[in-house]
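**Q** Prediction below, plus the sequence it came from.
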Amino acid sequence: MKLLAAARGHRRILDVAAALACFAMLGFAFYLQSARHLEPCPLCIFQRVAVVSLGVAFLVAALLPSLPRALAWLATTLIALAALAGAGVSGRHVYIQSLPPDQVPVCGATLDYMMEIFSPSEVLRKVLTGSGECAKVDWTFLGLSMPAWVLICVLLLGVAGVLVNLPAKTGYANRPRSDSR
């Protein structure tokens, strides 16, 4: 409990660090795409959107100097929603990658083509059902694929962000302490 209280005392620094971690994840994904020529599948692109959203939610939380309860709840909710979206998409991607080859969905159209032809809700449905290209594992680290690492990172960042930004039971989440020495 003391650790959580100390972390809340440095909420803005932790929010900026978490946002930087999100943007570093995105930077690494772009590095792999440009330097290693690993083209992202539709689920990878949706994961990128979720990671950027999580980073922006952390920046919004960091920009608010002392959070009144309503804004603290809003920042916490934005962080939680972005992390859950990222975990949902990356979890689905990990699931598709774990399927036996005979159960992998057939390869579908590119995301650009689907965006031209279908409505946004239909594109989302088609992307989340996955396709054969989403089952391909091009990169691993410590035996885990990139979607598995995204899942781990967004869950850890999301839990930490919720705990640090969750409004305190009384008053403001980050009100200055009065030192009575």
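**A** Cool, the structure landed. All figures in this text were calculated on a predicted structure; none of them were measured in a lab. Numbers count the residues shown, from 1 in each chain.

**Q** ok, the residue sitting nearest the centre point of the chain to residue 150 distance?
**A** Centroid-nearest residue in the chain: residue 51, 3.6 Å away (criterion: CA atoms, centre = their mean). Counting by CB to CB, to the nearest Å, the separation of residue 51 from residue 150 is 7 Å. Placement of C-beta: from N, CA and C, glycine included.

**Q** quick one: common contacting residues for these two?
**A** Shared contacts of residue 51 and residue 150 (CB atoms under 8 Å, 6 or more residues apart in numbering): 25, 86.

**Q** buried stuff in stretch 84-98?
**A** Using 16 or more other CB atoms under 10 Å as the test for burial, stretch 84-98 gives 84-94, 96-97.

**Q** got the residue ranges for the helices in this protein?
**A** 2-9, 11-35, 42-63, 69-98, 111-117, 120-129, 132-135, 146-165 (DSSP state H).

**Q** Switch these over to CSV; also include mean pLDDT.
**A** Shown next, in CSV, are the helices of the chain (pLDDT from 0 to 100):
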stretch, mean pLDDT
helix 2-9, 56
helix 11-35, 92
helix 42-63, 91
helix 69-98, 88
helix 111-117, 68
helix 120-129, 67
helix 132-135, 62
helix 146-165, 93
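
**Q** Give me the neighbour count for residue 30.
**A** 12 (other CB atoms under 10 Å).

**Q** so what's the backbone phi/psi at residue 166?
**A** phi -60, psi 130 (degrees, to the nearest 10).

**Q** Residue 18 - nearest residue in space that isn't next to it in sequence?
**A** Distance criterion CB to CB, 6 or more residues apart in numbering; nearest residue to residue 18, sequence neighbours excluded, is residue 58 at 4.5 Å.

**Q** That neighbour and residue 155, how far apart?
**A** From residue 58 to residue 155 the distance is 15 Å (CB to CB).

**Q** ok, the two, which is more surrounded?
**A** The residue with more neighbours, out of residue 58 and residue 155, is residue 58; 30 against 16, by other CB under 10 Å.

**Q** Surely that one touches residue 160?
**A** No - proximity of residue 58 to residue 160 does not meet the contact threshold set by CB atoms under 8 Å, at 9.8 Å.
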